[in-house]
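>>> sequence below, structure please.
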Amino acid sequence: MRGSGAALAVLALAAVPAAGHDIAPAPPQDHPILLRGGDLHTVSHGVLEHTDLLFDRGRIVAIGRGLEAPEGAEVIDIAGRQVYPGLIALDTTLGLSEIGAVRATNDTSEVGELTPEVRAAIAYNPDSELIPTVRVHGIAVAQVAPRGGLISGRSFVVELDGWTREDAGLLDPGGLFVNWPGPRLRTGPGAPPLEEQRKRQRETLSRLHDAFETARAYDAARDAGEEQPVDVRWESMRPYVRGERPVFVRANDVRQIEQALDLAEEFGLQIVIVGGREADAVAERLRERNVPVVTGSTAALPAHRDDPYDQAFELPARLARAGVRFAIAHLSAAPWDQRNLPLQAGLAAAYGLPREQALRAITLSPAEILGLADRLGSLDPGKDATLVVSEGDLLDHLGRRVTLLFIEGRKIDLDNRHERLRRKYRAKPAPREAREP
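The predicted model follows:
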């Protein structure tokens with residue numbers, strides 16, 4: 001019986017298509033490139049119309065009108081097109097999950113409740129078939145983060161082009177991810193007694209608190225030179241309990257956010273709230289502590305029955321008015337869904353967020369949260385030449401068409417599985433008329 005089961009498993013895996021695209025990563029930039037006459041959405045200093053942008057060796061060299069092309073430069077006329085910094089997707093599972101229904105292609109979670117030692121980079125697949133389908137929408141950089149448990153592990157910030165994770169990686173390890181325990185109580189048939197549920201919640205919160213307490217004590221002991229065995233869990237948490245690196249806390253309910261802020265104050269953590277559906281209710285405290293919020297889908301349903309229908313649509317605008325730092329993400333467990341990131345920013349702009357801030361929320365703001373604003377997020381001389389050229393507004397889901405994508409000056413092939421299927425079925429001949437019997 002055991003042998004039969006193993007044989008069936010092998011046959012099932014053999015039936016699954018190989019999870020990898022066949023598009024070769026772009027070679028390093030080996031000559032200057034001058035983009036001539038586009039409208040530059042710099043993010044840092046407004047929109048520069050009919051302006052040139054020169055980059056070489058992966059960095060932006062100059063911005064201005066009438067720039068002279070250096071010897072050997074490639075000049076690309078982009079008059080009438082829009083130029084943006086490459087978009088940055090936060091808290092994704094790109095490269096960790098391929099086909100949701102096939103367990104062998106999913107590596108998003110580790111076994112156990114407390115796994116801070118986990119590095120998403122170890123499981124990252126740079127050949128994921130989904131990556132080209134996402135970057136054709138202008139997404140150049142992604143934060144790949146683990147799921148599951150109370151402390152999921154550490155993220156990996158990656159350029160969406162590269163032969164290996166070492167080629168593509170920008171930051172490893174990145175932020176530590178924590179899933180804050182939910183405060184809601186179940187009612188109705190089959191639900192445990194309310195006091196039992198409250199007890200479980202208190203115990204879960206206590207385990208999370210104890211993990212940070214243990215990590216802090218371990219760090220202090222190591223600094224004091226005390227001899228003790230190295231514990232990979234607490235060793236991996238040392239930069240976070242010292243406040244040197246950010247802790248990303250997935251929390252939506254106002255009670256979760258308040259509890260996370262309490263923990264951050266107790267341990268001196270540098271935290272980022274991820275989700276933050278009710279973050280506007282604690283906006284003053286978030287602003288005072290300079291805690292950024294990564295909002296989720298702006299097309300989500302209200303969290304409660306008595307919430308306004310546009311709660312999620314207007315959240316970025318409300319945070320902006322309250323002076324809270326924020327970025328916009330598409331917080332979906334499905335990695336392919338990251339292609340909708342520009343749509344989320346566009347919807348936020350349609351519901352009261354100034355368009356410039358909406359664009360910033362998916363470019364410079366994520367770069368600041370990740371600690372990469374010196375390289376990414378805006379069009380400025382000295383920064384990486386990671387940029388997008390589009391026909392039409394990049395935030396207009398129906399009106400845009402990305403025509404060029406550069407990552408550190410490398411010209412990216414925008415072909416992808418979706419385009420190949422489109423070409424295939426457009427070439428399909430019209431059905432022949434049924435023959436007479």
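>>> every contact and neighbour count from this point should use C-alpha atoms.
Fine.
>>> pLDDT weak spots in the chain?
Scanning the chain for pLDDT under 70 picks out 1-19, 434-437.
>>> quick one, helices of it?
2-14, 120-123, 130-135, 165-168, 194-223, 232-241, 254-267, 283-288, 311-322, 341-350, 355-360, 364-370, 417-426 (DSSP state H).
>>> helices or strands up against the fifth one?
The contact analysis (3 or more CA pairs under 8 Å, 6 or more residues apart in numbering; DSSP states H and E) places helix 194-223 against helix 232-241, helix 254-267.
>>> closest one to Arg202 among the ones you listed?
Proximity to Arg202 (CA to CA) singles out helix 254-267 among these, at 11.8 Å.
>>> the closest one relative to helix 194-223, how many degrees between them?
Using axes from the mean of the first three to the mean of the last three CA atoms, to 10 degrees, the inter-axis angle of helix 254-267 relative to helix 194-223 is 30 degrees.
>>> buried residues of stretch 331-346, list them for me.
331, 333, 335-346 (16 or more other CA atoms under 10 Å).
>>> show me the domain layout of the chain.
For the chain, the structural domains run 19-85+378-415, 87-376, going by automatic domain parsing.
>>> before we move on, the earlier item: closest one of the buried residues of stretch 331-346 to Pro126?
Looking across the buried residues of stretch 331-346 and measuring by CA to CA, the closest to Pro126 is Pro335, at 13.2 Å.
>>> show me what contacts Glu235?
Glu117, Ala215, Tyr218, Asp219 (CA atoms under 8 Å, 6 or more residues apart in numbering).
>>> so can I have JSON lines of the helices of the chain showing distance to Asp56?
Listed next are the helices of the chain as JSON lines, based on distance: least, CA to CA, whole Å:
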{"stretch": "helix 2-14", "distance to Asp56": "45"}
{"stretch": "helix 120-123", "distance to Asp56": "29"}
{"stretch": "helix 130-135", "distance to Asp56": "22"}
{"stretch": "helix 165-168", "distance to Asp56": "19"}
{"stretch": "helix 194-223", "distance to Asp56": "44"}
{"stretch": "helix 232-241", "distance to Asp56": "35"}
{"stretch": "helix 254-267", "distance to Asp56": "42"}
{"stretch": "helix 283-288", "distance to Asp56": "39"}
{"stretch": "helix 311-322", "distance to Asp56": "36"}
{"stretch": "helix 341-350", "distance to Asp56": "27"}
{"stretch": "helix 355-360", "distance to Asp56": "25"}
{"stretch": "helix 364-370", "distance to Asp56": "21"}
{"stretch": "helix 417-426", "distance to Asp56": "30"}
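>>> ok, which of those helices comes nearest Leu90?
Per CA to CA, nearest to Leu90 of these: helix 364-370, 7.1 Å.
>>> and that closest one, what other elements does it pack with?
strand 87-92, strand 326-328.
>>> phi, psi for Pro308 please.
Here is the backbone geometry of Pro308 (degrees, to the nearest 10): phi -60, psi 150.
>>> residues near the residue lying closest to it once chain neighbours are set aside, how many?
Using CA to CA, 6 or more residues apart in numbering and skipping residues adjacent in sequence, the residue nearest Pro308 is Pro302, 6.7 Å away. Residues near Pro302, counting by other CA atoms under 10 Å, number 15.
>>> max pairwise distance over the buried residues of stretch 331-346: which two?
Going by CA to CA, the pair spanning the buried residues of stretch 331-346 furthest: Ala333 and Gly346, at 21.0 Å.
>>> distance of Gly174 relative to Val47?
When distance is defined by CA to CA, to the nearest Å, Gly174 is 31 Å away from Val47.
>>> these two: which is more packed in?
Taking other CA under 10 Å, Gly174 and Val47 do not tie; Gly174 has more neighbours (24 against 16).
>>> quick one: contacts for Ile362?
Leu87, Ile88, Ala89, Ala327, Ile328, Ala329, Leu341, Pro342, Ala345.
>>> do that again at 6 Å, thanks
Going by CA atoms under 6 Å, 6 or more residues apart in numbering, Ile362 touches Leu87, Ile88, Ile328.
>>> got those residues as CSV, with distance to Val158 and neighbour count columns?
Converted to CSV, those look like this (distance: CA to CA, whole Å; neighbours: other CA atoms under 10 Å):
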residue, distance to Val158, neighbour count
Leu87, 12, 29
Ile88, 10, 29
Ile328, 18, 30
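>>> ok, of those, which one's closest to Arg186?
Ile328 (30.3 Å).
>>> give the bridge partners for that closest one, please.
Thr295 (DSSP bridges).
>>> number of nearby residues for Leu301?
15.
>>> for it, give me phi and psi.
Per degrees, to the nearest 10, the backbone of Leu301 is at phi -70, psi 160.
>>> next, count neighbours for the residue nearest to Phe212 when sequence neighbours are not counted.
The shortest distance from Phe212 to any non-neighbouring residue, by CA to CA, 6+ apart, is to Val241 (7.1 Å). Neighbourhood size, Val241 [other CA under 10 Å]: 23.
>>> ok, now which ones touch the most centrally placed residue in the chain?
Most central in the chain under CA atoms, centre = their mean is Leu90, positioned 2.0 Å from the mean C-alpha point. Leu90 makes contact with Ala142, Gln143, Ala329, according to CA under 6 Å, 6+ apart.
>>> enumerate every residue touching the last one.
Residues in contact with Ala329 (CA under 6 Å, 6+ apart) are Leu90, Thr295, Gly296.
>>> switch the cut-off to 10 Å
Residues in contact with Ala329 (CA atoms under 10 Å, 6 or more residues apart in numbering) are 88-92, 274-275, 294-298, 338, 340-342, 344-345, 361-362, 366.
>>> same deal with the first one?
Residues touching Ala142, when contacts are defined by CA under 10 Å, 6+ apart, comprise 87-95, 131, 135, 156-160, 169-170, 338, 366.
>>> dump the helices and strands packed on helix 364-370 into a markdown table; add distance to Leu376 as well.
Listed next are these as a markdown table, based on distance: least, CA to CA, whole Å:
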| stretch | distance to Leu376 |
| --- | --- |
| strand 87-92 | 9 |
| strand 326-328 | 14 |
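>>> mind checking which of those is nearest Thr164?
strand 87-92 (18.2 Å).
>>> ok, the residue nearest to Phe212 to Ala120 distance?
Where Ala120 is concerned, Val241 sits at a distance of 20 Å (CA to CA).
>>> repeat for Glu408
For Glu408 relative to Ala120 (CA to CA), the value is 23 Å.
>>> and those two? Which one has more around it.
Neighbour totals were compared for Glu408 and Ala120, and Ala120 leads with 27 against 23 (other CA under 10 Å).
>>> thought Leu171 was touching that one, still the case?
No. Counting by CA atoms under 10 Å, Ala120 stays clear of Leu171, with 11.0 Å between them.
>>> which neighbours do those two share?
Shared contacts of Ala120 and Leu171, counting by CA under 10 Å, 6+ apart, come down to Gln143, Ser155, Phe156, Val157.
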